[in-house]
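Trainee: Pasting a predicted model and its sequence here:
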Amino acid sequence: RDRAHTHSYRTMVLRSALPLKLRLFLASCFILAHIPVSHAFVNPCATTVSSSSRLSALQMSASAPSWADLQDKLPSTKHDGPLVFEEAALDETVLSNKIVIYVDRNYWCPNCERALLALEVKNAEYVKVLIDDDYSEPDRLPRLKWPDGTVQEGKDMYQILEKIQEEHSDTKPDLYPNISISVDIVRASIERRFEGIMPRYTLPSSLTPFIFLEECALEKDPLSQLGTTEVCRDDDVVQRFKLKVSLEEIDEVLEEYEDGPYIAGEDITAADIYWAPYLERFAAQLPMLYDGLAPRSREFEAVKDWYDAMDQQIPCYSCAVKGRAETWQTLLRKFHPEIELREETVPNLPTKRSFDANKVWSRYAKDRAFLAETPTKEVAARVVRNHEAWVIAATAACPSIDADVGLRELCGMLCTIDGFDTDAAEAAANLSDDARE
């Protein structure tokens with residue numbers, strides 16, 4: 001998903017001082033994040049292992065299941081998932097009578113996240129097309145093509161959400177419920193309250209929204225990944241008290257309906273979907289800029305409850321759509337190196353004891369035959385589906401190991417453990433040296 005911090009993750013994975021369990025976990029993240037597999041294997045053989053400690057090829061082969069056996073253990077690999085195309089390789093013949101959504105390949109575009117979340121919440125079937133974006137035009141994406149011939153773009157975000165509800169009105173939840181006779185709280189929260197609450201005269205950037213003043217210069221930079229770069233000074237950053245006031249007002253909005261944690265109360269609506277990408281970035285980026293300003297904290301109790309509810313009660317959000325806190329922090333560092341930032345670790349998921357990531361994943365995977373039953377098995381399934389490419393990349397980086405056998409052994413282990421359990425470390429310790437590398 002994210003290319004911005006591939007190098008830093010790769011370095012962390014390859015440092016031999018890291019515990020084995022952590023190295024395995026980070027390597028798994030490469031798979032789930034869709035980072036090219038070759039990145040995960042760059043020079044992992046820097047630490048030499050004596051031949052006496054290495055299991056023989058015969059022993060390894062005997063302990064490693066075949067790819068066919070792994071497919072039997074992972075039924076999800078025998079089912080096709082939703083169609084995803086590169087724009088240049090788009091097969092128009094399969095698009096008839098389907099919803100087609102064009103999104104940025106990095107998944108950094110807030111409007112793309114809004115549209116994808118709405119489609120997922122409605123359990124809609126759609127085809128995804130990945131395209132390049134320089135993020136200079138916030139309303140360029142997404143682009144939706146509907147079976148009836150209608151085409152909508154990012155500037156039509158209000159209408160896109162309305163259209164998704166209209167086309168899937170029989171599927172709960174209702175994105176525009178009638179909460180009050182006198183006030184349409186959902187549409188009001190989208191069309192008026194959102195802009196009114198965010199700090200005024202700020203840049204509605206896709207990557208670092210509402211943090212920098214409009215006076216920041218947007219300059220062309222031929223070396224920049226995005227083609228343009230915002231040039232800001234320390235005094236161009238919005239004053240702390242303004243963002244605190246915005247968070248206090250958001251907190252008040254979320255407290256208006258006491259029957260649930262969402263903007264309109266008990267269920268997620270289009271208003272929550274509209275606000276989500278920006279609150280997501282706030283949670284990650286504001287603690288880096290301002291001492292003690294943490295949106296996901298008890299200082300803003302209703303806001304914290306909203307974050308927790310989105311992660312726990314809306315599985316498609318935390319499992320498929322939401323960006324990681326590390327992503328938004330990396331983008332802030334990368335594209336604003338002129339700003340002195342604090343080093344802050346922000347939780348990606350609820351920290352309360354009642355939160356069970358496996359249960360959330362199981363709810364998301366339940367009616368999706370192409371997904372494995374646990375996150376750990378999903379890691380194995382992604383390797384199995386694309387094992388030819390993994391074997392080639394691993395063999396090229398580590399010619400001294402039997403990459404095919406090592407990968408099969410690793411996937412076999414992933415099929416037997418719970419990745420959130422302490423048993424994972426014990427299972428990893430029993431892997432052969434080739435499988436570890």
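Mentor: That came through, no problem.
Trainee: Tell me, how many residues neighbour Gln239?
Mentor: Residues lying near Gln239 (other Cβ atoms under 10 Å) number 12. C-beta coordinates here come from the backbone N, C-alpha and C atoms, glycine included.
Trainee: Would you mind measuring from it to Met198?
Mentor: Note on Gln239: its distance to Met198, by Cβ to Cβ, to the nearest Å, is 14 Å.
Trainee: what's near enough to touch Leu332?
Mentor: Leu332 makes contact with Leu207, Thr208, Ile211, Ala284, Gln285, Met288, Ile339, Leu341, according to Cβ atoms under 8 Å, 6 or more residues apart in numbering.
Trainee: residue boundaries of the strands in this structure?
Mentor: 84-86, 99-104, 126-131, 143-145, 151-152, 217-220, 228-231 (DSSP state E).
Trainee: Let's test this: mean pLDDT of the third one, rounded?
Mentor: Right, the one you point to is strand 126-131. Mean per-residue pLDDT for strand 126-131: 96.
Trainee: Not counting its neighbours along the chain, what's nearest His387?
Mentor: Spatial nearest neighbour of His387, excluding adjacent residues (Cβ to Cβ, 6 or more residues apart in numbering): Trp67 at 5.9 Å.
Trainee: ok, now how distant is that neighbour from Ile417?
Mentor: Trp67 is 19 Å from Ile417, where distance means Cβ to Cβ.
Trainee: Now do stretch 269-278: distance to the chain's middle.
Mentor: 16 Å (Cα atoms, centre = their mean, to the nearest Å).
Trainee: now do stretch 387-399
Mentor: 26 Å.
Trainee: Could I get the CA-only coordinates of that stretch as PDB?
Mentor: Output in PDB follows, covering the C-alpha atoms of stretch 387-399 (Å, rounded to 0.1, in the frame of the first residue of the first chain):
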ATOM      1  CA  HIS A 387       4.700 -17.900  -4.800                       C
ATOM      2  CA  GLU A 388       6.500 -18.100  -8.100                       C
ATOM      3  CA  ALA A 389       7.400 -14.400  -7.900                       C
ATOM      4  CA  TRP A 390       8.400 -14.800  -4.200                       C
ATOM      5  CA  VAL A 391      10.700 -17.700  -5.000                       C
ATOM      6  CA  ILE A 392      12.400 -15.800  -7.900                       C
ATOM      7  CA  ALA A 393      13.000 -12.700  -5.800                       C
ATOM      8  CA  ALA A 394      14.200 -14.600  -2.700                       C
ATOM      9  CA  THR A 395      16.500 -16.800  -4.800                       C
ATOM     10  CA  ALA A 396      18.000 -13.800  -6.500                       C
ATOM     11  CA  ALA A 397      18.700 -12.100  -3.200                       C
ATOM     12  CA  CYS A 398      19.900 -15.200  -1.400                       C
ATOM     13  CA  PRO A 399      21.400 -17.600  -3.900                       C
END
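Trainee: can you pull the buried residues of that stretch?
Mentor: For stretch 387-399, burial by neighbour count (16 or more other Cβ atoms under 10 Å) applies to His387, Trp390, Val391, Ala393, Ala394, Thr395, Ala397, Cys398.
Trainee: Ala403 is in contact with the third one, correct?
Mentor: Read that as Val391. Yes: here Val391 lies in contact with Ala403, judged by Cβ atoms under 8 Å, at a distance of 5.1 Å.
Trainee: confidence score at the most centrally placed residue in the chain?
Mentor: Residue closest to the average C-alpha location in the chain (Cα atoms, centre = their mean): Gly323, at 3.3 Å. At Gly323, the pLDDT value in this model is 94.
Trainee: and what of Ile181?
Mentor: pLDDT for Ile181: 63.
Trainee: And Glu195, by the same measure?
Mentor: Confidence score, pLDDT, at Glu195: 87.
Trainee: so where's the stretch 301-437 of the chain uncertain?
Mentor: 419-422 (pLDDT under 70).
Trainee: and if we set it to 80?
Mentor: Low-confidence segments of the stretch 301-437 of the chain, defined by pLDDT under 80: 418-425.
Trainee: what about the helices in it?
Mentor: Along the stretch 301-437 of the chain, counting by DSSP state H, counting those that start in this stretch, helices occupy 301-313, 315-316, 325-335, 357-365, 375-385, 387-397, 403-414, 423-429, 433-436.
Trainee: Figure out which of those helices is closest to Arg193.
Mentor: Between Arg193 and those, the shortest gap by Cβ to Cβ is with helix 301-313, which sits at 14.4 Å.
Trainee: Give the other helices and strands that the closest one contacts.
Mentor: Packing partners of helix 301-313 (3 or more Cβ pairs under 8 Å, 6 or more residues apart in numbering; DSSP states H and E): helix 240-255, helix 270-289.
Trainee: Which of those helices has the highest mean neighbour count?
Mentor: Most buried of the helices and strands packed on helix 301-313, by mean neighbour count (mean count of other Cβ atoms under 10 Å): helix 270-289, with a mean of 24.
Trainee: And that one, how far out from the chain middle?
Mentor: A distance of 13 Å separates the centroid of the chain from that of helix 270-289, by Cα atoms, centre = their mean.
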